[in-house]
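I need the structure of the sequence given here:
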Amino acid sequence: MKSEPIKIHLKLFSGLHKEVNLPEYDTHKGIILPVKKGTRVRTLLKSIGMKRMSSNAYFRRGERIGLWSKLNDGDEVQCFKPSGGG
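Coordinates of the predicted model:
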């Protein structure tokens, strides 16, 4: 028996949307993607064509998460490139 896909709200910051294959991505709203239950952050990002993942920061509900974190229905995942300034 197949389980229903879960929905993940993905938001890409620091220009990351330019590095992936999501022509319908809205820079203000992000995008909602259906994925299989138990999908990890890394798998989600690979599915949209992200190649460089390890140096980015990922957050869910204000807490930092790793690439191997499993996603739950309704999660909002925020992805940031490292940046510096002064």
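
Enumerate every residue touching the residue lying closest to L67 once chain neighbours are set aside.
Of all residues not flanking L67 in the chain, R42 sits nearest, at 4.0 Å (C-beta to C-beta, 6 or more residues apart in numbering). Bear in mind the C-beta positions are built from the backbone N, C-alpha and C, glycine included. Shown in contact with R42 (C-beta atoms under 8 Å, 6 or more residues apart in numbering): 53, 67-68.

all helices of the chain, in order?
Remark: helices assigned in the chain by DSSP state H are 41-47.

what's next to the biggest strand by length in the chain, contact-wise?
With secondary structure taken from DSSP state E, the chain has its longest strand at strand 6-12. Contacts with strand 6-12, where a contact means C-beta under 8 Å, 6+ apart, come from 20, 25, 30-37, 39, 44, 48, 71-79.

residues of it that come out buried?
6, 8, 10-12 (16 or more other C-beta atoms under 10 Å).

need those residues in CSV with pLDDT and distance to G84, can you?
Below are the buried residues of strand 6-12 laid out as CSV (pLDDT from 0 to 100; distance: C-beta to C-beta, whole Å):
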residue, pLDDT, distance to G84
I6, 97, 35
I8, 97, 29
L10, 97, 24
K11, 97, 21
L12, 96, 19
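
could you dump those to JSON lines with distance to Y58?
Shown next, in JSON lines, are the buried residues of strand 6-12 (distance: C-beta to C-beta, whole Å):
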{"residue": "I6", "distance to Y58": "17"}
{"residue": "I8", "distance to Y58": "12"}
{"residue": "L10", "distance to Y58": "10"}
{"residue": "K11", "distance to Y58": "11"}
{"residue": "L12", "distance to Y58": "11"}
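
Could you tell me how far the residue nearest to E4 when sequence neighbours are not counted is located from G62?
Nearest non-adjacent residue to E4, counting by C-beta to C-beta, 6+ apart: K37, 7.9 Å away. Noted for K37: a distance of 23 Å to G62, by C-beta to C-beta, to the nearest Å.

If you count surrounding residues, which of the two has more?
Applying other C-beta atoms under 10 Å to K37 and G62 shows that K37 carries more neighbours, namely 12 against 7.
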